[in-house]
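Engineer: build me a model from this:
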Amino acid sequence: MRAPAPANASTPFLAAQNAISTAPKAASQPRAQPTIEWKQYVGHCARRNAPTIVGIDLFIATAGDVWNEPDEHDGICRLNAEIGGLLDWWRPTPADANRVVCMRGVAVTGCDDGTVLAVRAGDGGSAWSLKLESGVVGGPVKLPGAPSRRDEVPIALVEYIGKLHLINILDGALLQTLDLGRNVLAEFVVATGDLPGIVGGSQLTRCEALIHIVCADGGTYVVPYGQTSNPARMSDPLAIAELRDSVGTDVKFTTSPVLAGSTIIVPYARDTTYSTPPLTALRIADGSTLWDAADPQKIVKGFGNIRAAPIPIGDELVFATAYTDALMAVSAKTGAVTWAVDLGAQMFEQWSGAASDGASIYIGRHDGYLHKIDYASRRREWSLYLGQHEAAGALVDGEQPPPRSLEQGSWRVPGASPILATPVLGRGRLYVGTGEGWLYCIGNLGV
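Structural biologist: Sure, this is the predicted structure:
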């Protein structure tokens with residue numbers, strides 16, 4: 001089977017002309033300006049198609065030619081994270097592929113049709129595969145701790161029908177399955193380190209990790225891992241809350257929760273815009289509500305859905321919602337909106353989440369712009385256009401007004417492809433894929 005190529009390419013995906021580099025800008029500029037160090041066509045990057053970087057290797061799975069439909073160019077590939085260039089290898093998948101985890105020389109991705117595909121990280125050759133009953137919506141995720149057996153390295157993933165699986169990444173053996181009995185649409189989160197001793201009113205013995213899962217209907221669970229068994233296994237799920245009892249029955253839970261100490265913060269989706277952000281915070285110990293997000297100072301005009309998990313920075317949670325033109329933050333202690341930064345056009349969709357090194361925040365938007373925001377000053381530093389590969393690299397400096405492709409809110413900017421995937425920081429660079437199918441390596445980020 002032939003690997004994918006951009007719509008206007010006359011040669012296969014691996015052809016040399018698909019690897020494009022640009023020269024860095026002059027060092028005499030008063031402030032660091034971002035540069036596209038390389039770009040490579042990899043296929044449609046949807047919201048779960050963020051790259052995974054292991055040393056100098058970059059792994060990414062994509063949705064091929066069309067999102068949410070199987071096509072011959074769905075697949076997983078490996079590139080050199082430093083120089084881009086030709087793909088080292090490309091392996092087709094039977095449907096849109098999502099997240100990638102790589103361990104012990106094996107790269108694994110889960111697909112929308114329930115296929116879990118593992119390939120050899122070195123050459124992309126087949127390692128193993130298995131087929132679940134429904135699409136993979138969360139994971140695969142590496143679980144912590146040293147393996148109790150050299151021939152067993154567990155990873156976790158969850159499928160749409162609510163089954164949480166423990167799989168040996170080395171051979172694909174299905175080690176354990178827990179059935180929540182409820183549909184799941186969101187990624188799960190794994191907590192390690194200083195774990196709470198009480199979860200959902202139950203006392204826990206020492207365990208290696210806690211897996212936090214929010215079901216589509218708001219049922220919230222914590223699954224202890226490695227609590228008593230050897231080799232490590234999952235214990236029965238502990239029910240934390242039924243969120244629809246507190247936030248309403250007309251909502252859906254499609255976005256990964258966020259952990260902040262003894263609190264789990266849960267985003268959700270509603271039917272339109274509201275005067276408050278769609279976030280609620282629960283105490284993990286007993287499931288009680290710590291806060292529901294609010295905007296008492298009326299900083300933002302209205303809030304749509306949150307499709308990507310907020311990121312914790314200091315005592316705040318930073319995110320963007322649909323139907324707005326801003327990046328914003330709430331207090332992790334109270335849920336009150338603390339600030340917002342204008343990013344330009346009001347877009348009715350917002351799938352990309354933010355990435356941060358603690359000092360700067362990066363986020364892609366549906367109009368094809370990638371933005372950098374200085375966290376301390378709450379100031380937009382630049383906006384880099386990536387919405388069309390032939391025009392990619394156009395820059396709107398922070399001294400200029402933010403880019404407004406349209407005067408009114410819109411679902412799509414004509415001629416521009418959205419950024420759906422969340423950017424990834426690594427090796428001093430920023431990596432982000434677009435809906436057009438191009439993966440960009442952005443350098444000269446500054447400090």
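Engineer: what ranges do the helices span in this structure?
Structural biologist: Remark: helices assigned in the chain by DSSP state H are 244-247.
Engineer: so where is it shaky, pLDDT-wise?
Structural biologist: 1-31, 145-148, 405-411, 447 (pLDDT under 70).
Engineer: which strand in it has the most residues?
Structural biologist: Taking DSSP state E as the criterion, the chain has its longest strand at strand 337-347.
Engineer: show me which residues of that strand are buried.
Structural biologist: Counting neighbours by 16 or more other CB atoms under 10 Å, one finds that the buried residues in strand 337-347 are 337-338, 340-341, 343-347. C-beta coordinates here come from the backbone N, C-alpha and C atoms, glycine included.
Engineer: tabulate the CA atom coordinates of that strand in CSV.
Structural biologist: Written as CSV, here are the backbone C-alpha positions of strand 337-347 (Å, rounded to 0.1, in the frame of the first residue of the first chain):
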residue,chain,number,x,y,z
VAL,A,337,-11.7,33.7,35.8
THR,A,338,-8.6,35.7,36.4
TRP,A,339,-7.5,37.0,33.0
ALA,A,340,-8.0,36.6,29.2
VAL,A,341,-5.8,37.5,26.2
ASP,A,342,-7.3,38.5,22.9
LEU,A,343,-6.1,36.1,20.1
GLY,A,344,-8.0,37.7,17.2
ALA,A,345,-10.8,36.0,15.3
GLN,A,346,-13.8,34.6,17.2
MET,A,347,-13.9,30.9,16.1
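Engineer: how far does that strand sit from its chain's centre?
Structural biologist: The chain centre lies 20 Å from the centre of strand 337-347; the measure is CA atoms, centre = their mean, to the nearest Å.
Engineer: which helices and strands does that strand pack with?
Structural biologist: Here strand 337-347 is seen to pack against strand 324-331, strand 369-374, strand 379-385 when contacts are counted using 3 or more CB pairs under 8 Å, 6 or more residues apart in numbering; DSSP states H and E.
Engineer: how about these, which one is nearest Ala107?
Structural biologist: For Ala107, the closest of the helices and strands packed on strand 337-347 is strand 369-374, at 26.0 Å, according to CB to CB.
Engineer: taking strand 337-347 as reference, get the angle to the closest one.
Structural biologist: With axes from the mean of the first three to the mean of the last three CA atoms, to 10 degrees as the basis, strand 369-374 and strand 337-347 are set at 160 degrees to each other.
Engineer: strand 369-374 pairs with which strands, and in what direction?
Structural biologist: Here the strand partners of strand 369-374, with direction, are listed using DSSP bridges: strand 360-364 (antiparallel), strand 379-385 (antiparallel).
Engineer: strand 324-331 and the longest one, what's the angle between them?
Structural biologist: Angular relation of strand 379-385 and strand 324-331 on a 0 to 180 degree scale: 140 degrees, by the same axes, to 10 degrees.
Engineer: same thing with the first one?
Structural biologist: Relative orientation of strand 360-364 and strand 324-331, computed by the same axes, to 10 degrees: 140 degrees.
Engineer: so what touches strand 360-364?
Structural biologist: Judged by CB atoms under 8 Å, 6 or more residues apart in numbering, the contacts made with strand 360-364 from elsewhere in the structure are 311, 313, 318, 320, 327, 343, 352-356, 370-375, 381, 386, 418-423, 425, 430, 432, 434, 445-447.
Engineer: can you do 7 Å?
Structural biologist: Defining contact as CB atoms under 7 Å, 6 or more residues apart in numbering, one finds that strand 360-364 is touched by 318, 320, 327, 352, 354-355, 370-375, 419, 423, 430, 432.
Engineer: just stretch 259-274 next, same as before
Structural biologist: By CB under 7 Å, 6+ apart, the surrounding residues in contact with stretch 259-274 are 189, 191, 196, 212, 214, 220, 243, 247, 250-255, 257-258, 278-285, 290, 302-306, 309-310, 312, 317, 323, 332.
Engineer: from Pro257, how far out is Ile264?
Structural biologist: Remark: distance between Ile264 and Pro257 (CB to CB, to the nearest Å) = 5 Å.
Engineer: quick revisit: selecting buried members of the contacts of strand 360-364 in ChimeraX, what would you type?
Structural biologist: Here is the ChimeraX selection string for the buried members of the contacts of strand 360-364, based on 16+ other CB under 10 Å:
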select :318,320,327,352,354,355,370,371,372,373,374,375,419,423,430,432
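Engineer: nearest to Ala97, of the contacts of strand 360-364?
Structural biologist: Sorting those by how near they are to Ala97, with CB to CB, puts Val432 at the top with 17.4 Å.
Engineer: please name the residues that touch that closest one.
Structural biologist: 364, 370, 419, 421, 423, 440.
Engineer: out of the residues you listed, who's nearest Gly110?
Structural biologist: Top of the list for closeness to Gly110, among those and by CB to CB, is Ala421 at 15.8 Å.
Engineer: wait, isn't the closest one in contact with Asn49?
Structural biologist: Yes: the pair Ala421 and Asn49 passes the contact test of CB atoms under 7 Å, sitting 4.9 Å apart.
Engineer: which residues do the two both contact?
Structural biologist: Counting by CB under 7 Å, 6+ apart, the common neighbours of Ala421 and Asn49 are Gly433.
Engineer: isn't Cys155 up against His165?
Structural biologist: Actually, residue 155 is Ile rather than Cys. No: shown here, Ile155 and His165 do not form a contact pair, counting by CB under 7 Å, at 8.8 Å.
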